[in-house]
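A.B. asks: how would this look folded up:
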Amino acid sequence: MTTSNLLATPEKWPHLLLPAGATDPTDLEAAVAAGAFKGLTAARDMSAGEIVTSLASSGLRGRGGAGFPTSEKWRACALAPADRRYVVVHAYQADPAVFAERVLLERNPYAVLEGAAIAAVAVGASEVIVALRVEATEAIATLETAIREAEGAGYLGDDVLGSGRDIHAQVRPLQGAYMLGEETVLLKGIEGRRGQPEQQPPYPTTKGLYGKPTLVHDPQTLAVVPGIVAGLPGTYLDSGASGSTGTVLVQVSGSVVNAGLAEVPLGTPIGEIVALAGGVPAPHIVKALLVGGPSGGILPPDALTTPYEFESLEEAGAHMGSGSIVVVDERSCLVDLASVLTRFCADQACGKTIPCRIGLRRLAEIGARVCEGQPRGDEIARLTDLSADIVASRLCDHERRSTLPLLSLVRYFRDELDAHIDRSTCPAGICQPMAASRAGTAS
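C.D. replies: All right, here's what the predicted structure looks like:
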């Protein structure tokens, strides 16, 4: 990751996750001078209930995609009876070409480690595990150095800050499939077990790693915890939208002038985020927006006004997911795009359940037939009925969200879908062997 991948943002926007002007991210002295570990110092003298209450007052919601209230997760883990608890930092970004969490760990490791340590204090855990991709070599090296420095200064390790608490942190590089993005699969990966999701409930907060209560959080959620607990003014609560406070890392790619990563306040219109990347290069126009990664929704240009926050994206038929926005211009075929995404999701599915093993495969086959100009009967009805069955009988969110690419075509781009099915025509001139014309008429 180079600084050229970081998009410039307005001065009024806060830098809660990626501090401006950062130099050596492992320089502990500089980090402490900038305010690092003030939150952990405050948490040392607070009760678990007081820490959880401060998070509840902030409105912090998990950035892993679901937006679940952080305080409720911590309270459930703290109340679960157990002789041992864990905090797991879920930094294994499974979506292809997405690097937001890796950049955060490379540029601001102490914020993530401090947030994890505060979480450990609040729930009574003594072990923090940072799980990330084995390919993230720079992030791994940065974290290992930061952990050693923090241990040497008494912020981690035995008797943290003289509190009598032991909090040991370790980095756990993992190599595996796309499904490691699901939290119960990640926990199995740490344990060295087969990567398939578990039925929930019970949730990891009551039965997680090695059967013990476990907090699983992405780095972005934990990185803002220290500022909240320390009560730093003018930071977290002053950014974001009502019901979705704070900032989030968003990666913009596709047909834009300057693809990259930006920290944006939640609730920012998607169009403003795309503008940070320079917008679509002339003379092209925005045809669609893929929001949420491979299992995201393909939204129309009107979605540029949609606020980038949990509820608005869900209502639009997308989700926050890995924090990815892919801009699609008029040169692309959306039916082909949705078909490729669905096939990817089917290929990456673990196959534990019938909706996962068979349902997603049949859904991908519908997309392939439509692209090839070989539809069978009423493919739209078949697509929507099958998607409803998959969602209703799913085991995990991978199945539910994998239906979004094709369903979003039915919702927003029915004309292009009908052109493929009814007229064997690809308006974008992409799909073969069917007759195709960019003007929308058969050649």
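
A.B. asks: drop to CA atoms for contacts and neighbour counts, all remaining ones
C.D. replies: Noted.

A.B. asks: what helices or strands is whichever strand or helix holds residue 117 leaning on?
C.D. replies: Using DSSP states H and E, residue 117 falls within helix 109-123. In terms of contacts (3 or more CA pairs under 8 Å, 6 or more residues apart in numbering; DSSP states H and E), helix 109-123 is packed against helix 38-44, helix 48-58, helix 70-79, strand 86-91, strand 127-133, helix 137-152, helix 219-223, helix 225-230.

A.B. asks: Which of those sits closest to residue 256?
C.D. replies: helix 219-223 (25.1 Å; CA to CA).

A.B. asks: So which elements touch that closest one?
C.D. replies: Taking 3+ CA pairs under 8 Å, 6+ apart as the contact cut, helix 219-223 packs with strand 86-91, helix 100-107, helix 109-123.

A.B. asks: what about dumping the CA coordinates of the helix holding residue 117 to CSV?
C.D. replies: What follows is helix 109-123, C-alpha atoms only, in CSV (Å, rounded to 0.1, in the frame of the first residue of the first chain):
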residue,chain,number,x,y,z
PRO,A,109,-1.5,-0.6,14.7
TYR,A,110,-1.5,0.8,18.2
ALA,A,111,-5.1,2.0,17.9
VAL,A,112,-6.3,-1.5,17.0
LEU,A,113,-4.2,-3.2,19.7
GLU,A,114,-5.4,-0.6,22.3
GLY,A,115,-9.0,-1.1,21.4
ALA,A,116,-8.6,-4.9,21.6
ALA,A,117,-6.9,-4.5,25.0
ILE,A,118,-9.8,-2.4,26.3
ALA,A,119,-12.2,-5.0,25.0
ALA,A,120,-10.2,-7.7,26.9
VAL,A,121,-10.5,-5.6,30.1
ALA,A,122,-14.3,-5.2,29.6
VAL,A,123,-15.1,-8.8,29.0
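
A.B. asks: What is the distance between that helix and the centre of its chain?
C.D. replies: 19 Å (CA atoms, centre = their mean, to the nearest Å).

A.B. asks: Skipping its backbone neighbours, what lies nearest residue 249 in space?
C.D. replies: residue 263 (4.5 Å; CA to CA, 6 or more residues apart in numbering).

A.B. asks: Are we agreed that the one you found is in a strand?
C.D. replies: Yes: counting by DSSP: H, G, I helix; E, B strand; the rest coil, one finds residue 263 located in a strand.

A.B. asks: quick one, strands of this structure?
C.D. replies: For the chain, applying DSSP state E gives strands covering 86-91, 127-133, 168-174, 214-217, 240-241, 244-245, 247-254, 260-265, 286-291, 297-299, 324-329, 425-426, 435-436.

A.B. asks: on that earlier part again, mind listing what the residue nearest to residue 249 touches?
C.D. replies: 9, 15, 17, 18, 247, 248, 249, 250 (CA atoms under 8 Å, 6 or more residues apart in numbering).

A.B. asks: 7 Å - rerun?
C.D. replies: 247, 248, 249, 250 (CA atoms under 7 Å, 6 or more residues apart in numbering).

A.B. asks: okay, which residue is most central for this structure?
C.D. replies: residue 322 (2.6 Å; CA atoms, centre = their mean).

A.B. asks: Report pLDDT for the closest residue to residue 16 other than its chain neighbours.
C.D. replies: Nearest non-adjacent residue to residue 16, counting by CA to CA, 6+ apart: residue 224, 6.6 Å away. Here the pLDDT value assigned to residue 224 is 94.

A.B. asks: Likewise for residue 106?
C.D. replies: 96.

A.B. asks: Just to check, it is in contact with residue 140?
C.D. replies: No: using CA atoms under 7 Å, residue 106 is not in contact with residue 140; the gap is 8.3 Å.

A.B. asks: Can you pull the residues that touch both of those two?
C.D. replies: In contact with both residue 106 and residue 140: no residue, using CA under 7 Å, 6+ apart.

A.B. asks: could the strands of the chain be laid out in a markdown table, adding distance to residue 313 and mean pLDDT?
C.D. replies: As requested, the strands of the chain are arranged in a markdown table below (distance: least, CA to CA, whole Å; pLDDT from 0 to 100):
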| stretch | distance to residue 313 | mean pLDDT |
| --- | --- | --- |
| strand 86-91 | 22 | 97 |
| strand 127-133 | 27 | 97 |
| strand 168-174 | 30 | 97 |
| strand 214-217 | 21 | 97 |
| strand 240-241 | 14 | 76 |
| strand 244-245 | 12 | 86 |
| strand 247-254 | 14 | 96 |
| strand 260-265 | 15 | 96 |
| strand 286-291 | 8 | 98 |
| strand 297-299 | 9 | 98 |
| strand 324-329 | 12 | 97 |
| strand 425-426 | 28 | 92 |
| strand 435-436 | 33 | 49 |
